[in-house]
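>>> my questions are about this predicted structure, shown below with the sequence.
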Amino acid sequence: MLRFGDAPGHDPACSVISGEAANVTETSVTADLVAAKVRVIAVSTTTGTAGGLNANPVPLFSDCNAACSAPGGSAVTLEATCDPGLSVTFDVPSKTVTSGGVATFQETIKVAADATGGVKTCTVDFKLNGQSAGPAFVEKNTITVNRPPNCAHATASPDELWPPNHKFRTITVAGVTDPDGDPVTVAITGVTQDEALNGTGDGDTAPDAAWVTGHSDQVQVRAERSGQGDGRVYRISFTGSDGKDTCKGTVFVGVPHDRSGPPAVDTTSVVVNSFGS
């Protein structure tokens, strides 16, 4: 086969322009010609582009760049659109890729600290030579943003016990909220106190705490304190969960030395497990 030409050929000649089922490349054409035992003699003329068949094709075929990769590769750039509270960054702003090749980017999506909860999206348009290449080149990331519960304003009810009659009283932990409005489950995880289980002047009853079956947000503690101290303080640890995230907190219940005196004082250096084990 004898070929005459005054300009270099496309490599690849993409299917969008050629109408073929797949891109036509130098490699694919060579394989077909070899299989058919066809020998090609190429003759370059000077009637067109300087350099003829041997000219650099990169600057010559910009009219095809929007439809398919330019000779030498297309510039892949990224344009991201995100809902408020989300942002996306990439390891590099662009890459050059030839038709049929793969451009790999490292993508990082960040959720802002003040992002509201709910389903949010980030859409990335991978553009070829500055132009959208269609739906196949658009990536949509869907993220469910969840903010954890807030344990900071939890309360113990009641938070003071009187009289110190050595009986158990049921304490309920409440006031754990969720900024997204999700239902919150409170689970008490432990109880400590700042007096011995059986210390001087407290009545010698132990243990001083008991679980409430079926109620994770409740615990029983003993209305008791040493007659020789400054009152007893129970420290009730708990977690709050919205089913996705958790928070932790501690509420306090006091048993004062006497009814008319000051509230019980927490002796923080003394930590005794109220369950006795």
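Received it, and whenever you're ready, just let me know what you need.

>>> so which bits of stretch 185-205 are buried?
Under the neighbour-count criterion of 16 or more other C-beta atoms under 10 Å, stretch 185-205 has 186, 188, 191-195, 197, 199, 202 buried. C-betas here are computed from N, CA, C, even on glycine.

>>> now for those, which pair is the farthest apart?
Largest separation among the buried residues of stretch 185-205 by C-beta to C-beta: Val186 and Gly199, giving 30.2 Å.

>>> got the domain ranges for this structure?
The chain is divided into the following domains under automatic domain parsing: 2-64, 74-145, 155-273.

>>> return the most buried member of the ones you listed.
Comparing the domains of the chain by mean neighbour count (mean count of other C-beta atoms under 10 Å), domain 155-273 ranks first with a mean of 17.

>>> low-scoring pLDDT stretches of the stretch 101-250 of the chain, where are they?
Residue ranges of the stretch 101-250 of the chain with pLDDT under 70: 200-204.

>>> mind running it again at 90?
101-102, 113, 128-134, 136, 198-206, 227 (pLDDT under 90).

>>> picking up where we left off before, can you redo the buried residues of stretch 185-205 as JSON lines with distance to Asp83 and secondary structure?
Formatted as JSON lines, the buried residues of stretch 185-205 follow (distance: C-beta to C-beta, whole Å; DSSP: H, G, I helix; E, B strand; the rest coil):
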{"residue": "Val186", "distance to Asp83": "31", "secondary structure": "strand"}
{"residue": "Ile188", "distance to Asp83": "38", "secondary structure": "strand"}
{"residue": "Val191", "distance to Asp83": "43", "secondary structure": "strand"}
{"residue": "Thr192", "distance to Asp83": "45", "secondary structure": "strand"}
{"residue": "Gln193", "distance to Asp83": "49", "secondary structure": "strand"}
{"residue": "Asp194", "distance to Asp83": "49", "secondary structure": "coil"}
{"residue": "Glu195", "distance to Asp83": "54", "secondary structure": "coil"}
{"residue": "Leu197", "distance to Asp83": "55", "secondary structure": "coil"}
{"residue": "Gly199", "distance to Asp83": "58", "secondary structure": "coil"}
{"residue": "Asp202", "distance to Asp83": "58", "secondary structure": "coil"}
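
>>> could you dump the residues you listed into TSV and include distance to Asp208?
Converted to TSV, the buried residues of stretch 185-205 look like this (distance: C-beta to C-beta, whole Å):
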residue	distance to Asp208
Val186	21
Ile188	14
Val191	8
Thr192	10
Gln193	6
Asp194	11
Glu195	9
Leu197	6
Gly199	10
Asp202	9
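
>>> tell me the one of these nearest Thr155?
Val186 (11.1 Å).

>>> for the nearest residue to that closest one once chain neighbours are set aside, list the residues it contacts.
Residue nearest to Val186 in three dimensions, not counting chain neighbours: Asp217, with 4.0 Å by C-beta to C-beta, 6 or more residues apart in numbering. Neighbouring residues of Asp217 by C-beta atoms under 8 Å, 6 or more residues apart in numbering: 172-174, 185-188, 238.

>>> can you lay out these as JSON lines showing secondary structure and distance to Cys151?
Listed next are the contacts of Asp217 as JSON lines, based on DSSP: H, G, I helix; E, B strand; the rest coil; distance: C-beta to C-beta, whole Å:
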{"residue": "Thr172", "secondary structure": "strand", "distance to Cys151": "15"}
{"residue": "Val173", "secondary structure": "strand", "distance to Cys151": "9"}
{"residue": "Ala174", "secondary structure": "strand", "distance to Cys151": "11"}
{"residue": "Thr185", "secondary structure": "strand", "distance to Cys151": "12"}
{"residue": "Val186", "secondary structure": "strand", "distance to Cys151": "9"}
{"residue": "Ala187", "secondary structure": "strand", "distance to Cys151": "11"}
{"residue": "Ile188", "secondary structure": "strand", "distance to Cys151": "12"}
{"residue": "Phe238", "secondary structure": "strand", "distance to Cys151": "7"}
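
>>> before I go, just wanted to say thanks for your time.
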